[in-house]
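[1] Following is a predicted model, sequence given first.
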Amino acid sequence: MKINIVAIGNKMPAWVRDGVEEYMKRLSSDLRLIEIASAKISNNPETILLQEGKKLLAAIPHNHRVVALAIKGKAYNTAQLVERLKQWQMAGRDVSLLIGGANGLSAECLERADETWSLSPLTFPHMLARLIVVEQLYRAISKLNNHPYHR
């Protein structure tokens with residue numbers, strides 16, 4: 001199973017870029033980060049959401065399971081995330097995880113999603129969310145592979 005992290009923002013601070021690269025280096029090439037440029041500045045957040053949503057949706061291969069990162073999504077502890085990864089693997093489809101920009105995800109992205117995943121009831125900056133997602137995937141995959149990282 002391949003996992004794409006499709007995220008808004010392509011100019012991340014060094015600490016985000018370095019952290020994401022570190023965990024991705026530890027994982028196999030089955031994890032890919034697709035960075036989508038943020039929408040042009042607008043006084044209307046809905047316009048930004050629509051623009052970014054179209055770009056996110058265009059980056060998803062048609063046969064992928066889509067998981068939207070959203071505060072109202074399903075929260076998982078590590079053991080539950082491991083089980084979710086097993087289910088995704090058994091389904092035989094690749095997965096695209098959507099991370100919106102500063103304004104979140106468009107209604108179209110949420111409608112396209114097969115499921116939603118909440119990292120926390122707290123609101124995180126979108127750049128931090130991608131680092132948390134990559135680390136949690138690494139943790140869950142390590143546990144699946146009986147690697148001691150999870151301890």
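    Looks like it arrived, so ask away. Numbers count the residues shown, from 1 in each chain.
[2] got the contact list for the longest strand anywhere in the chain?
    If you go by DSSP state E, the chain has its longest strand at strand 65-75. Contact with strand 65-75 is made by 60, 88, 91, 93-100, 104-105, 109-110, 112-121, 123, 129, 133, as judged by C-beta atoms under 8 Å, 6 or more residues apart in numbering. Placement of C-beta: from N, CA and C, glycine included.
[3] ditto for stretch 98-105
    For stretch 98-105, using C-beta under 8 Å, 6+ apart, the contacting residues are 5-9, 38-39, 45, 48-49, 52-53, 56, 60, 66-70, 106, 109, 113, 125-126, 129-130, 133.
[4] So which of those sit within helices?
    P45, I48, L49, E52, G53, L56, C109, H126, A129, R130, V133 (DSSP state H).
[5] Contact partners for the last one?
    Right, V133. By C-beta under 8 Å, 6+ apart, the neighbours of V133 are I5, L69, L97, I99, L119.
[6] related to what we said a few turns ago, show the average pLDDT along the longest strand of the chain.
    The average pLDDT within strand 65-75 is 96.
[7] So for that strand, what gets flagged as buried?
    Buried residues in strand 65-75, counting neighbours by 16 or more other C-beta atoms under 10 Å, are found at R65, V66, V67, A68, L69, A70, G73.
[8] Off-centre distance for it?
    On the basis of C-alpha atoms, centre = their mean, to the nearest Å, strand 65-75 sits 9 Å off its chain's mean C-alpha point.
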